[in-house]
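below are the sequence and a predicted model; questions follow.
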Amino acid sequence: MSDELKQYKCPNCGGILVFDSSTQNLKCPYCHSEFDVEMMQSYDKDVAETTDNELSWTSKPQGQWSQSEAANIREYVCKSCGGDIITDETTAASSCPYCGNPVVMVNQFKGSLRPDKVIPFKFSKQQAIERYRKHLTDKPLAPKAFKAEKHMQEIKGVYVPFWMYDADVTARARFTATRVRSWSDRDYNYTETRYYNVFRGGDISFDNVPANGSSKMDTVLMESIEPFDMKQAVDFNMDYLAGYFADKFDISAEESGRKANQRIRNSTASAIQSTVSGYSTVTQAGMNMALVNESASYCLLPVWLLVTTYQGKKYYFAMNGQTGKLVGDLPTDTGLFARSFALIFAVVSALVFVASFLLKLF
C-alpha cells in the first residue's frame, strides 16, 4: 500500500478541505470556497467507488473498505495507552485524544470494517471551547491547568465507533400485587390486604440501541453524553472525517451486543412493569424474554474530547458533537481552596471583632 495519504483538495485553489460543522459542507480555509459533500463525492473518483454493505452482529462482518479508501487512510498508535486512531493527512495527529500523549504513525493500515453510518459534527471546535469555558465558570476552585487558553485549544474532535442494535422482544411477566384498605369504627382500626397475581405480555421493538465499540473510551462517559439522534445519521463518506480524528472499533459486535441486550432487557422490564397500576404494592415474580430479529450496524458518532493530566491523574471532558450535551470531572485546587478559606475566615474574624468593639462602645 502506498504511504501517501489522499487529501481533499479544493478544486478552486488546491487548498486542503475540512468538514465545516456549521454549514455541513467541505470548506477551504484558504479561499473560503464551500462544496457539498455529495458533489465532492462525485468529483473524487476514489470516494465515488465506495460501497455500503448490510451488517449483522451475529455473523462475521461483510462490509470492508474499498481498495481506494484503504489506500487513503493512515493509522496512528499511541505508545502510552495503545489507542488506535484512523485519520487522513489533513488531521494534525499531534497528540492522543484519549490520554493526551503524542501518537506515532505506523505507516500501515491493519484493516477494519467500513462504517455504515456517520453523524457529522454539528458543533465547531470554537463552540466546544466556549461550552468548556462556561463549564469552568461554575467551578471557581478548579486548578489553573484546566483554565489555560492554550490547553483549551487542544480539544479534539473524535469520531467514536459505536454499534447500533435493532431487536424485537417478546416478553411475558408475572407480578404479585396488593391492595390495602383501612378503616375504623368506634372500637377498632381495621386493615384489609388483598393479594393478586398479575400477568402481562407483549411485544416491543428497539431501534438503534447504542453500545460503545472502543475500549479506549470510557463507557460511562460515552453513555453520559447520550442520546444521539440517529435520524440525522447519513451514509458513511470519508469526506466527513476531514479535519477530525476517527477511532476504529476494537470491541466486536458480538461482545458489545451483550451490553446492548442488557439495556434492551432492562428497558423491556421497566416498560412492562409500568403497565401494572392501581395497586398498593407491586413485586416482580418472574419474567421471560426472547430477543428476535437482532441486527447491528456500525456507526461513527461525533465527540469533542479534552484530556487534562493533574497530579498524576487524567480528567476527561466530553461533549456530544451533535447535541452539545457535555460532561466532565474537575478536581479542586487544594491550595486555592485553603487560601480562599483562610481569606473568608480572616474577613469573618475581622467583622466579628468590629462588631464586638462597636457593642462595647454602645
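Yep, it's here. Numbers count the residues shown, from 1 in each chain.

am I right that Val160 sits in a strand?
Yes - secondary structure assignment (DSSP: H, G, I helix; E, B strand; the rest coil) places Val160 inside a strand.

isn't it right up against Leu300?
Yes - taking contact to mean C-beta atoms under 8 Å, the distance of 6.9 Å between Val160 and Leu300 places them in contact. C-beta here means a position set from N, CA and C on the backbone, and glycine is covered the same way.

so where's this structure shaky on pLDDT?
Low-confidence regions of the chain, defined here as pLDDT under 70, cover residues 1-9, 12-14, 40-112, 139-141, 330-362.

can you give me the strands for it?
Assigned by DSSP state E, the strands in the chain fall at 18-20, 25-27, 34-35, 74-77, 84-87, 104-105, 117-118, 156-184, 189-212, 234-235, 245-247, 281-310, 313-320, 326-328.

which one of those strands lies nearest to Thr137?
In this view, the strands of the chain are compared for proximity to Thr137 by C-beta to C-beta, and strand 326-328 is the closest at 12.8 Å.

what about Pro29, how many residues nearby?
Pro29 is flanked by 13 other residues according to other C-beta atoms under 10 Å.

also Asp247?
Each residue near Asp247 was counted by other C-beta under 10 Å, and the total is 23.

next one: phi and psi at the nearest residue to it once chain neighbours are set aside?
Excluding the flanking residues, the one nearest Asp247 by C-beta to C-beta, 6 or more residues apart in numbering is Ser214, at 5.1 Å. For Ser214, the backbone dihedrals are phi -120, psi 130 (criterion: degrees, to the nearest 10).

Val303 versus Ser214, what's the distance?
Plainly put, Ser214 is 10 Å away from Val303 if you go by C-beta to C-beta, to the nearest Å.

overlap in contacts of the two?
Both Ser214 and Val303 are contacted by Val160, under the criterion C-beta atoms under 8 Å, 6 or more residues apart in numbering.

who has more neighbours, these two?
When neighbours are counted by other C-beta under 10 Å, Ser214 and Val303 differ, and Val303 comes out ahead with 26 against 21.

does the more buried one touch Val160 like I think?
Yes - judged on C-beta under 8 Å, Val303 makes contact with Val160 at a distance of 5.0 Å.

show me which of Val160 and Leu300 is the more surrounded one.
The neighbour comparison of Val160 against Leu300 (other C-beta under 10 Å) goes to Leu300, with 27 against 24.

residue contacts, the more buried one?
Here Leu300 is in contact with Pro115, Lys117, Val118, Ile119, Tyr159, Val160, Pro161, Phe162, Phe236, Tyr240, Ala246 (criterion: C-beta under 8 Å, 6+ apart).

okay, domains of the chain per the record?
With automatic domain parsing as the criterion, the domains of the chain are listed as 18-178+194-331, 338-362.

what's the burial count for Lys150?
By other C-beta under 10 Å, the residues close to Lys150 number 6.

same deal with Ser22?
The burial count for Ser22: 12, using other C-beta under 10 Å.

what of Asp235?
The criterion is other C-beta under 10 Å. On that basis, Asp235 has 12 neighbouring residues.

the chain should start at 867 in everything you say after this.
Noted, 867 is the first residue going forward, which turns the last one into Asp1101.
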